[in-house]
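>>> Build me a model:
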Amino acid sequence: MKAGLLLIIALLLGSVLAHFLLAERGYVLINFMSYTLEMSVPILILVLIVLYLLVRLAIRILAAPKRLGEAAGRMRDNQARKRLNQGLIEYSQGNFLRSERLLTKGVRRAEMPLVNYLAAARAAQAQGAYERRDAWLRMAKEQSPDAGSAVLLTQAELQMAERQDDAALETLNVLLAADPKNTRALALLARLHQRNQRWTEVLAMLPNLRKRRALDADTLAALETRVHAEILQHSGREGDIALVKASWEAIPKPLRVIPEIMRSYVAALRDAGDSKAAEIAARKSLKTNWDDKLALIYGSIDADAKIQLKHAEKWLVARAENPALLLSAGRLCMRNELWGKARSYLETSIAIKPSAEAYQLYGKLMEKVGDEEAASVAYRAGLDLATESVTGGVPALEAPKMKAD
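Down below sits the predicted model:
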């Protein structure tokens, strides 16, 4: 429409000019050096128009290669984008081989080759082609040297996903040596140490993780709790009481009241052989900060069973229907050979909340009093609960006849 309007305007102007030029054609004389050129005004105008057109044509001819190159470049970019999009679609649909081929075809001419290489590495890993995965990652680093951290992070994530933990550890160490403030790398390294139960390494990382805010506050708090709990449990399994107490002293005081940490401390003291210290620690903690799981551990401590039962029954005054406390009281009664009272506590605990541990203990009690049938039923019920294979509810227990204490 615009071109048509210009053509109409040109025709109108041309007709007006023709009217005046035909009436008076005019005369033009050009004298340059020893040359003289004579012509009418219409001829001069025609010559100028022809020269203008020739100049425009020459400019277009000279610019043609550049324009053709730009057009070809735009076409290649469009094709590269289409291959990237299609490659990602194929990856999401599980066609990993086709995805890898699309992502790496003409990748050096792609607008963002780094994205292609990283995606191709993931597609190769999905096929178990780890050598090709690493090759694409190397090419990504060569193509985009400034994105070295991103490439190494991707490599570490992929290695961890395949349980190549030694390789992942090496990759993360290289990355952190070059970029010690990389929060994502710190978080991955902490997760790697945690997965391999290298708790002392995680403990050493906690200040840096907190300083760099590599983990959110809740995750960091949960990790710190677990680290201290695991270190305590390990020291207990080692049977080193001094190590247990040293590990406890290394824990900040505000964290010692956390139930998980207190349970680990008491269990570590018990496992290391200091039952007296374990009983005292558990009793003091239960007095001020009740914890059902710690109450279960209390019943398993091999200290003075009479004193322990006394405290357990004192707690039962306020917690008569606490299944964990009832189970511990039953266990303590068995150690004191109070069979009738033990049976009452255990049956009440099972009635309130059945557990594999309660059934196992009840089975032992039934064996002790000579009721093999009731013991068998209890063991079977406990096994069903432990394997989560109960389909019709927990079997009811028929208590054997026994003498009162």
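>>> Quick one: the helices in the stretch 51-200 of the chain, in order.
For the stretch 51-200 of the chain, the helices defined by DSSP state H, counting those that start in this stretch cover 96-104, 113-126, 130-143, 148-161, 165-178, 183-195, 199-212.
>>> I'd like these written out as a markdown table, with mean pLDDT, distance to Glu347 and mean neighbour count added.
Quick note: C-beta positions are derived from backbone N, CA and C, even for glycine. Below are the helices of the stretch 51-200 of the chain laid out as a markdown table (pLDDT from 0 to 100; distance: least, CB to CB, whole Å; neighbours: other CB atoms under 10 Å):
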| stretch | mean pLDDT | distance to Glu347 | mean neighbour count |
| --- | --- | --- | --- |
| helix 96-104 | 89 | 58 | 21 |
| helix 113-126 | 90 | 55 | 23 |
| helix 130-143 | 91 | 58 | 18 |
| helix 148-161 | 94 | 49 | 20 |
| helix 165-178 | 95 | 48 | 17 |
| helix 183-195 | 97 | 41 | 19 |
| helix 199-212 | 96 | 40 | 16 |
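>>> Reformat these into a markdown table and put distance to Tyr298 next to each item.
Listed next are the helices of the stretch 51-200 of the chain as a markdown table, based on distance: least, CB to CB, whole Å:
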| stretch | distance to Tyr298 |
| --- | --- |
| helix 96-104 | 54 |
| helix 113-126 | 49 |
| helix 130-143 | 51 |
| helix 148-161 | 40 |
| helix 165-178 | 38 |
| helix 183-195 | 29 |
| helix 199-212 | 25 |
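>>> out of the ones you listed, which comes closest to Glu357?
Among the helices of the stretch 51-200 of the chain, helix 199-212 comes nearest to Glu357, with 26.6 Å by CB to CB.
>>> which is the next helix or strand following the closest one?
The C-terminal neighbour of helix 199-212 among helices and strands, as given by DSSP states H and E, is helix 217-237.
>>> which residues touch that next one?
Contacts with helix 217-237, where a contact means CB atoms under 8 Å, 6 or more residues apart in numbering, come from 190, 194, 197, 199-200, 202-203, 206, 209-210, 215, 243-244, 246-248, 251, 255, 258, 260-261, 263-265, 267-272.
>>> Just the buried positions in that helix, please.
220, 223-236 (16 or more other CB atoms under 10 Å).
>>> Could you check how far it is from the centre of its chain?
On the basis of CA atoms, centre = their mean, to the nearest Å, helix 217-237 sits 20 Å off its chain's mean C-alpha point.
>>> need the contact list for Leu365.
Counted by CB under 8 Å, 6+ apart, Leu365 has contacts 330, 334, 339, 342-343, 346.
>>> mind giving me the domain ranges of the protein?
According to automatic domain parsing, the chain comprises the domains 227-303, 322-405.
>>> Name all residues that make contact with Tyr345.
326-327, 329-330, 333.
>>> Tabulate the domains of the chain (TSV), appending mean pLDDT.
Compiled in TSV, the domains of the chain are given as follows (pLDDT from 0 to 100):
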stretch	mean pLDDT
domain 227-303	95
domain 322-405	84
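>>> Dump those domains to CSV, plus distance to Ser149.
Converted to CSV, the domains of the chain look like this (distance: least, CB to CB, whole Å):
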stretch, distance to Ser149
domain 227-303, 27
domain 322-405, 45
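>>> wait, which of those is closest to Leu103?
Between the domains of the chain, domain 227-303 lies closest to Leu103; by CB to CB that is 40.3 Å.
>>> Touching, Leu114 and Ala150? I think so.
Yes. Counting by CB atoms under 8 Å, Leu114 touches Ala150, with 7.4 Å between them.
>>> circling back: out of the contacts of Leu365, who's nearest Ser92?
Leu346 (55.0 Å).
>>> what's the nearest residue to the closest one if we skip its chain neighbours?
Gly330 (3.9 Å; CB to CB, 6 or more residues apart in numbering).
>>> Leu361 is in contact with that neighbour, correct?
Yes. Contact criterion CB under 8 Å: Gly330 and Leu361 qualify, at 6.4 Å.
>>> anything in contact with each of those two?
Leu346.
>>> Which residue ranges of the stretch 201-350 of the chain form helices?
Under DSSP H, counting those that start in this stretch, the stretch 201-350 of the chain gives helices at 217-237, 241-249, 253-256, 259-272, 275-288, 292-300, 305-316, 323-335, 339-352.
>>> Now tabulate those in CSV and tack on distance to Val174.
Below are those laid out as CSV (distance: least, CB to CB, whole Å):
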stretch, distance to Val174
helix 217-237, 24
helix 241-249, 32
helix 253-256, 33
helix 259-272, 35
helix 275-288, 44
helix 292-300, 42
helix 305-316, 54
helix 323-335, 49
helix 339-352, 55
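>>> mind checking which of the ones you listed is nearest Tyr130?
helix 217-237 (29.8 Å).
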